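Colleague: Next comes the sequence, and after it the predicted model I'd like to discuss.
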Amino acid sequence: MTKDSSEILSADPVVAMDSSALSGEAMYFDSMGRRLKAIFIGSIGNLVEWYDFYAYAAFALYFAKSFFPEGDEVAQQLSAAMLFAFGFLVRPLGGWLFGWMADHVGRRVSLTVSVLLMCLGSLIIAVTPTYAAIGVAAPCILAFARILQGLSLGGEYGTSATYLCEVADQKNRGFYSSFQYVTLIGGQLCAVLVLLLLQQVFLSPEELRAWGWRIPFVVGGCLAIVAAIMRRNLHETDAFTAVKKKRAARSASSLLAYPREVILVIGLTMGGTAAFYTYTTYMQKFLKLSVKLTDSETTLVTAGSLIFAMCLQPIYGAISDRIGRKWLLIGFGLCGTIFTVPLLTTLQTVKGAGPAFLLIAAAWLIVSGYTSINAVVKAELFPAEVRATGVGLPYALTVSIFGGTTEPIALSFKNAGHESWFYYYLTGCIAVSLFVYVFMRDTKKSSRIETR
């Protein structure tokens with residue numbers, strides 16, 4: 001009697017084994033493809049959010065005169081930097097709000113809503129009249145837009161860090177999660193590239209200062225809408241699905257059960273975030289006002305250093321998957337404590353764009369020990385039911401104190417004639433974090449993210 005194909009497959013052990021292997025291989029590639037798609041969409045949304053947020057910093061040199069009374073250029077930039085820092089003050093609220101949403105409603109919903117809020121803030125900045133037209137209402141509206149952006153970004157970090165770490169496989173979690181800072185730095189880079197295009201190709205300096213600075217905010221708002229549409233189709237993580245029925249009633253209060261982890265997030269973030277904002281948002285002003293580079297040289301050096309930093313993130317992330325997270329953090333803390341003052345002191349005295357780029361690149365070789373893995377380290381500290389809030393809230397609080405104030409503090413020291421004091425302030429922040437790195441456990445070995 002003739003057997004059908006299913007009987008033949010089941011009767012022949014070699015064929016059955018091959019069929020099983022093929023089925024397992026297909027499932028593996030399907031799972032890997034799903035994971036890579038989720039990481040890509042999550043990362044792209046992260047890039048758009050950070051582009052929108054940092055368009056403010058990149059174009060502050062051009063729109064400060066539109067929103068603040070005429071006066072000394074450093075004073076105008078200090079006013080713009082204060083509003084930049086103001087956006088950071090509400091980030092802890094955003095970290096709690098969107099962390100709660102991610103831990104209770106879902107990571108996908110939180111990511112989608114946060115990018116829509118960023119879109120609204122960008123579009124408000126794009127259409128706000130100048131100080132000459134509406135007086136003091138102009139900086140007030142600008143401040144309101146920064147509040148919206150700060151709330152959005154406060155929630156974006158914790159939720160996207162949680163999402164990327166939960167969809168990554170255990171073996172390559174450091175590598176995959178490093179793409180959060182690839183896209184974070186990429187967002188800044190996109191803002192700088194838009195500035196470079198407007199400077200060199202489309203607009204004169206006068207046009208850029210008069211109205212051209214509005215263009216990047218319109219672009220950012222439109223990109224945020226696209227990112228929100230993409231995020232609507234993200235699949236929810238298995239970790240959230242598994243704990244959905246047993247989650248705590250209030251995520252913020254449930255963090256009280258993890259005081260050590262919260263303190264660790266604050267301590268390990270302090271020096272890293274101060275260093276990160278020094279070599280990103282403040283560095284553009286430093287190159288222009290202290291190193292005395294031209295507008296074009298400032299933009300090119302900033303863009304080149306950001307590209308270099310982006311390339312370092314996955315390399316360092318992959319290294320952490322092999323040797324652990326702790327050694328990279330200690331490397332950053334030790335080198336940052338020793339070399340920050342010499343690096344910034346030398347940078348202030350160099351002549352030309354080439355030497356400036358090399359020194360900033362050297363700084364990124366140090367800082368990337370923190371930026372590449374800080375998200376996965378924090379995510380590995382908390383269980384799934386409080387992970388987004390546990391990562392986002394203490395991180396946002398620390399960034400609002402030590403990250404958002406980096407530029408105003410540096411400019412205040414410069415305005416007072418003591419610019420070098422900032423170098424020692426930054427060194428002190430890194431040294432405190434180094435103390436934390438030395439005594440914390442390696443989260444790669446004690447991760448609370450479920451193995452897959």
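Modeller: Okay, I see it.
Colleague: Going by C-alpha atoms from here, please, whenever you check contacts or count neighbours.
Modeller: Will do.
Colleague: ok, and for the helix or strand containing E261, which residues are buried?
Modeller: Following DSSP states H and E, one finds E261 within helix 259-277. For helix 259-277, burial by neighbour count (16 or more other Cα atoms under 10 Å) applies to 261-262, 264-277.
Colleague: neighbouring contacts of the next helix or strand after it?
Modeller: Where DSSP H and E defines the elements, the next helix or strand beyond helix 259-277 is helix 283-289. With Cα atoms under 8 Å, 6 or more residues apart in numbering as the test, helix 283-289 has contacts from A58, L61, L293, T294, D295, T298, T299, T302.
Colleague: check contacts around the last one.
Modeller: Shown here is T302, whose contacts under the criterion Cα under 8 Å, 6+ apart are V192, T280, M283, Q284, F357.
Colleague: how much space between it and H235?
Modeller: According to Cα to Cα, to the nearest Å, T302 stands 36 Å off from H235.
Colleague: related to what we said a few turns ago, among the buried residues of helix 259-277, which one lies nearest to I323?
Modeller: Top of the list for closeness to I323, among the buried residues of helix 259-277 and by Cα to Cα, is L268 at 18.6 Å.
Colleague: The closest one contacts Y437, correct?
Modeller: Yes: using Cα atoms under 8 Å, L268 makes contact with Y437 at a distance of 6.6 Å.
Colleague: Can I get the contacts of helix 283-289 in CSV including distance to L148, pLDDT and secondary structure?
Modeller: Listed next are those as CSV, based on distance: Cα to Cα, whole Å; pLDDT from 0 to 100; DSSP: H, G, I helix; E, B strand; the rest coil:
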residue, distance to L148, pLDDT, secondary structure
A58, 18, 74, helix
L61, 22, 72, helix
L293, 33, 83, coil
T294, 33, 82, coil
D295, 30, 77, helix
T298, 29, 85, helix
T299, 27, 80, helix
T302, 27, 86, helix
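Colleague: got the residues you listed as JSON lines, with distance to C119 columns?
Modeller: Below are the contacts of helix 283-289 laid out as JSON lines (distance: Cα to Cα, whole Å):
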{"residue": "A58", "distance to C119": "17"}
{"residue": "L61", "distance to C119": "22"}
{"residue": "L293", "distance to C119": "33"}
{"residue": "T294", "distance to C119": "32"}
{"residue": "D295", "distance to C119": "28"}
{"residue": "T298", "distance to C119": "28"}
{"residue": "T299", "distance to C119": "25"}
{"residue": "T302", "distance to C119": "25"}
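Colleague: among these, who's most crowded?
Modeller: Using other Cα atoms under 10 Å as the neighbour criterion, A58 leads those with 28 neighbours.
Colleague: check contacts around that residue.
Modeller: Counted by Cα under 8 Å, 6+ apart, A58 has contacts Q188, A191, V192, L195, T281, Q284.
Colleague: hmm, try it at 7 Å
Modeller: Going by Cα atoms under 7 Å, 6 or more residues apart in numbering, A58 touches A191, V192.
Colleague: So it versus L381, what's the distance?
Modeller: 34 Å.
Colleague: Same question for K444.
Modeller: Distance of K444 to L381, given as Cα to Cα: 10 Å.
Colleague: can you pick the most crowded of the contacts of T302?
Modeller: Ranking the contacts of T302 using other Cα under 10 Å puts V192 first, with 27 neighbours.
Colleague: element containing that one, please.
Modeller: Counting by DSSP H and E, V192 is found in helix 179-197.
Colleague: Check which helices and strands that helix is in contact with.
Modeller: helix 13-67, helix 295-323 (3 or more Cα pairs under 7 Å, 6 or more residues apart in numbering; DSSP states H and E).
Colleague: May I have that helix as PDB, with CA atoms only?
Modeller: C-alpha atoms of helix 179-197 as PDB (Å, rounded to 0.1, in the frame of the first residue of the first chain):
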ATOM      1  CA  PHE A 179      22.000  50.600  19.500                       C
ATOM      2  CA  GLN A 180      20.000  52.800  21.800                       C
ATOM      3  CA  TYR A 181      23.000  55.100  22.100                       C
ATOM      4  CA  VAL A 182      23.900  54.600  18.400                       C
ATOM      5  CA  THR A 183      20.500  56.100  17.600                       C
ATOM      6  CA  LEU A 184      20.700  58.600  20.400                       C
ATOM      7  CA  ILE A 185      24.000  59.900  19.100                       C
ATOM      8  CA  GLY A 186      22.600  59.500  15.600                       C
ATOM      9  CA  GLY A 187      19.700  61.800  16.400                       C
ATOM     10  CA  GLN A 188      22.200  64.500  17.400                       C
ATOM     11  CA  LEU A 189      24.200  63.800  14.300                       C
ATOM     12  CA  CYS A 190      21.100  64.200  12.100                       C
ATOM     13  CA  ALA A 191      20.500  67.600  13.700                       C
ATOM     14  CA  VAL A 192      24.100  68.600  13.000                       C
ATOM     15  CA  LEU A 193      23.900  67.400   9.400                       C
ATOM     16  CA  VAL A 194      20.700  69.300   8.800                       C
ATOM     17  CA  LEU A 195      22.500  72.400  10.200                       C
ATOM     18  CA  LEU A 196      25.500  71.700   7.900                       C
ATOM     19  CA  LEU A 197      23.200  71.400   4.800                       C
END
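Colleague: ok and that helix relative to helix 295-323, angle-wise?
Modeller: If you take axes from the mean of the first three to the mean of the last three Cα atoms, to 10 degrees, helix 179-197 sits at 170 degrees to helix 295-323.
Colleague: what about the chain, any weak spots by pLDDT?
Modeller: 1-35, 42, 69-87, 238, 240, 243-255, 450-452 (pLDDT under 70).
Colleague: Next up, the contacts around the most centrally placed residue in the chain.
Modeller: The structure's the chain has its C-alpha centroid closest to L184; by Cα atoms, centre = their mean the separation is 4.0 Å. The contact partners of L184, by Cα under 7 Å, 6+ apart, come to N46, L47, W50.
Colleague: of all the residues you listed, which comes closest to G155?
Modeller: Using Cα to Cα, N46 comes nearest to G155 of the contacts of L184, at 11.0 Å.
Colleague: Now for that closest one: which residues touch it?
Modeller: Contacts of N46 (Cα under 7 Å, 6+ apart): T183, L184.
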